[in-house]
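Trainee: Starting from these lines, generate the structure:
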Amino acid sequence: MNGITVEEFVKHYPCFYHMAEVDSWDSIQNKGLLSTSALLDLFEVNGSKRFAIESCHRPKSVTIEHPEHGRAVIRDQIPMRERSLLKCLESISPRKWYEFLNGKVFLWATLHRLEGLLNARAYRGKEHVILKVDARGLLSRYASTVLLSPINSGSTIYRPSLRGPKTFQSLKSYPFEERRKKRGLPDAVAEMVFDYAIHDIRKYVLRVEKRRENRLLKVIWEKS
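Mentor: Next up is the predicted model:
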């Protein structure tokens, strides 16, 4: 039987994790955790510049600026190699896939997944801000709209899994027990996916760290 309740889910995954740009915590506190599309809307980026960021592969990070909102960095998509992506997409075009992902906010379900990203070739050696988020609190607000993914949907490295619109499923339809039996608890769920923005993310953040790979450099903020 498919599906998992919020209570069962937070028992297995009490905290979620998000990796952000090193100087982004002030902006996240004030504006929330924004998807690429939400950032482009806020910064009023349109036309060909927006198309290149939102509808195409981003081989490197892009900095955008706004007279009121300042500066923001939209992260690269280095792990999503387009040649491999073409081979593993189902029922969706590359453009629509990029637009779909860019409209979402992603959190990791486990520290194990976060550490894999921190130690990836493209990101090791760089400093990052890490948000540790209270799963129960966040899902008390967003359980009806959150989607789960069994894979890193933004990576096509190392024999990429097939992916498409059906990759993401609700708590009620996600085949949790099947995934846990097949892959074990740490890999039963990879990503927590939220639509467009989590404007009130600060309510649910437990701790903010600066890290380089697995090394803690600084605790930036911690909930008292």
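Trainee: Can you give the distance of the helix or strand hosting residue 140 from its chain's centre?
Mentor: Counting by DSSP states H and E, the secondary-structure element that holds residue 140 is helix 135-142. The chain centroid and the centroid of helix 135-142 are separated by 16 Å under Cα atoms, centre = their mean, to the nearest Å.
Trainee: Which is the succeeding secondary structure element to it?
Mentor: strand 147-149.
Trainee: what are the ranges of the helices in the chain?
Mentor: Listed from the start of the chain, the chain has helices (DSSP state H) covering 6-12, 25-31, 36-42, 47-54, 82-88, 94-102, 111-118, 135-142, 176-183.
Trainee: can you redo these as JSON lines with mean pLDDT, distance to residue 163 and mean neighbour count?
Mentor: Just so you know, the C-beta spots here come from the backbone N, C-alpha and C atoms, and that holds for glycine as well. As requested, the helices of the chain are exported to JSON lines (pLDDT from 0 to 100; distance: least, Cβ to Cβ, whole Å; neighbours: other Cβ atoms under 10 Å):
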{"stretch": "helix 6-12", "mean pLDDT": "97", "distance to residue 163": "22", "mean neighbour count": "15"}
{"stretch": "helix 25-31", "mean pLDDT": "96", "distance to residue 163": "27", "mean neighbour count": "16"}
{"stretch": "helix 36-42", "mean pLDDT": "98", "distance to residue 163": "18", "mean neighbour count": "20"}
{"stretch": "helix 47-54", "mean pLDDT": "98", "distance to residue 163": "19", "mean neighbour count": "14"}
{"stretch": "helix 82-88", "mean pLDDT": "93", "distance to residue 163": "6", "mean neighbour count": "13"}
{"stretch": "helix 94-102", "mean pLDDT": "97", "distance to residue 163": "8", "mean neighbour count": "18"}
{"stretch": "helix 111-118", "mean pLDDT": "93", "distance to residue 163": "16", "mean neighbour count": "17"}
{"stretch": "helix 135-142", "mean pLDDT": "98", "distance to residue 163": "22", "mean neighbour count": "17"}
{"stretch": "helix 176-183", "mean pLDDT": "96", "distance to residue 163": "15", "mean neighbour count": "15"}
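Trainee: Next, format those as JSON lines and append distance to residue 166.
Mentor: Conversion of the helices of the chain to JSON lines gives the following (distance: least, Cβ to Cβ, whole Å):
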{"stretch": "helix 6-12", "distance to residue 166": "20"}
{"stretch": "helix 25-31", "distance to residue 166": "31"}
{"stretch": "helix 36-42", "distance to residue 166": "21"}
{"stretch": "helix 47-54", "distance to residue 166": "22"}
{"stretch": "helix 82-88", "distance to residue 166": "13"}
{"stretch": "helix 94-102", "distance to residue 166": "12"}
{"stretch": "helix 111-118", "distance to residue 166": "21"}
{"stretch": "helix 135-142", "distance to residue 166": "21"}
{"stretch": "helix 176-183", "distance to residue 166": "14"}
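Trainee: and of these, who's closest to residue 218?
Mentor: Taking Cβ to Cβ as the criterion, helix 25-31 is the member of the helices of the chain that comes nearest to residue 218, at 11.0 Å.
Trainee: Much appreciated, bye for now.
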